[in-house]
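1. here is a sequence together with a model predicted from it:
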Amino acid sequence: MFDHVKFGVSDFAASKAFFLKALEPLGVVVAAEGVPTYGIELVQKGGNASLVLHQTGERPAHLHLAFMADKREQVDAFHRAALAAGGKDNGAPGLRPHYHANYYAAFVIGPDGHNIEVVCHEPDAAAVDALRETYAALNRNDIEATLKAFDPQIAWIEPAEYPGGGTYTGLDAVKAHLSWARGTWGEGSCEPERFVVAGDKVIVFLHVRVRLAHETEWREGRHAAVYTFRNGKAIEMRIFDDTRQALEWAGAKA
């Protein structure tokens with residue numbers, strides 16, 4: 001929609017330094033610069049739209065400027081950089097589900113009171129990658145690696161009717177339970193077939209095909225595990241036999 005947006009600042013040098021530092025994680029660089037009354041044009045590498053700051057003698061009206069990030073890590077990096085550049089925290093990095101399930105943003109008040117936001121609309125790819133490794137590790141019977149994505153206080157919840165079903169809290173309890181469960185396998189695997197990200201939750205659709213050590217027949221079924229993430233770690237896992245129920249519980253669409 002925009003080719004460029006231009007607005008005045010009361011302290012050109014301070015605003016220039018702040019925006020260059022704060023937006024560096026987004027790949028923003030100087031496209032052109034003149035005298036302070038002309039200003040400085042900032043553009044994202046490979047982008048077309050630009051932001052222009054210029055010195056003004058008037059008191060600028062407060063603006064809310066929102067910049068788009070490709071990854072959530074860029075939102076985190078912006079927040080750190082903006083605070084280091086002298087900005088005032090106006091909202092730490094995190095999900096804002098009242099906008100939509102994957103609205104991950106941070107807010108900082110910059111020079112002249114402008115509210116500077118960086119937002120990522122993409123699901124948390126890091127969480128999906130971590131869970132892929134969780135199941136790869138489980139299948140190769142590496143329980144220590146299975147636990148890497150989990151918070152120290154994780155709650156692992158299985159239906160009571162499952163063998164060994166119940167709630168296990170903390171890494172030690174979950175480790176003991178998974179070690180026991182994996183030890184009952186003679187051969188087989190628990191393979192993730194699909195991942196659905198819904199805000200702070202990741203639903204993993206699983207195909208389980210296992211022959212238990214004391215049996216000759218194979219057991220096979222499909223389940224859904226819902227992981228809740230906080231600060232990059234899974235703090236809860238709930239298993240569902242009904243995949244539709246898992247999606248509904250997580251507030252996700254099929």
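-> All right, it came through fine. Numbers count the residues shown, from 1 in each chain.

2. show me what the strand or helix carrying residue 89 is packed up against.
-> In this assignment (DSSP states H and E), residue 89 forms part of strand 88-95. With contacts taken as 3 or more CB pairs under 8 Å, 6 or more residues apart in numbering; DSSP states H and E, strand 88-95 sits against helix 72-84, strand 104-109. (C-beta placed from N, C-alpha, C; glycine too.)

3. mind listing what's buried along that strand?
-> By neighbour count on 16 or more other CB atoms under 10 Å, the buried set for strand 88-95 is 93-95.

4. reformat the helices and strands packed on strand 88-95 as CSV; add distance to residue 18 and mean neighbour count.
-> Formatted as CSV, those follow (distance: least, CB to CB, whole Å; neighbours: other CB atoms under 10 Å):
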stretch, distance to residue 18, mean neighbour count
helix 72-84, 7, 21
strand 104-109, 9, 23
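
5. let's have these in JSON lines, adding distance to residue 146.
-> Shown next, in JSON lines, are these (distance: least, CB to CB, whole Å):
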{"stretch": "helix 72-84", "distance to residue 146": "24"}
{"stretch": "strand 104-109", "distance to residue 146": "26"}
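
6. TSV for the ones you listed, including distance to residue 124 and mean pLDDT?
-> TSV is the format used below for the helices and strands packed on strand 88-95 (distance: least, CB to CB, whole Å; pLDDT from 0 to 100):
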stretch	distance to residue 124	mean pLDDT
helix 72-84	6	95
strand 104-109	8	96
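
7. thinking again about what came up before, just the buried residues of strand 88-95 now: which is nearest residue 8?
-> residue 93 (28.9 Å; CB to CB).

8. tell me the contacts of the spatially closest residue to the closest one that is not a sequence neighbour?
-> Spatial nearest neighbour of residue 93, excluding adjacent residues (CB to CB, 6 or more residues apart in numbering): residue 106 at 4.1 Å. With contact set as CB atoms under 8 Å, 6 or more residues apart in numbering, residue 106 has these partners: 75-76, 78-79, 91-94, 117-118.

9. distance of residue 106 relative to residue 149?
-> Residue 106 sits 23 Å away from residue 149, going by CB to CB, to the nearest Å.

10. rewinding a little: any chance of the contacts of residue 106 in CSV, plus distance to residue 202?
-> Shown next, in CSV, are the contacts of residue 106 (distance: CB to CB, whole Å):
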residue, distance to residue 202
75, 18
76, 19
78, 24
79, 23
91, 24
92, 22
93, 18
94, 16
117, 25
118, 23
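
11. show me which residues of stretch 196-206 are buried.
-> For stretch 196-206, the neighbour count (16+ other CB under 10 Å) marks 196-206 as buried.

12. of the residues you listed, which belong to strands?
-> Counted as lying in strands by DSSP state E, out of the buried residues of stretch 196-206, are 196-198, 201-206.

13. farthest-separated two in those?
-> 198 and 206 (16.8 Å).

14. strands of the stretch 51-200 of the chain, start to end?
-> 64-68, 88-95, 104-109, 115-120, 150-158, 166-169, 185-198 (DSSP state E, counting those that start in this stretch).

15. note down every partner strand of the fourth one and its orientation.
-> Take DSSP bridges as the rule and strand 115-120 pairs in its sheet with strand 64-68 (parallel), strand 104-109 (antiparallel).
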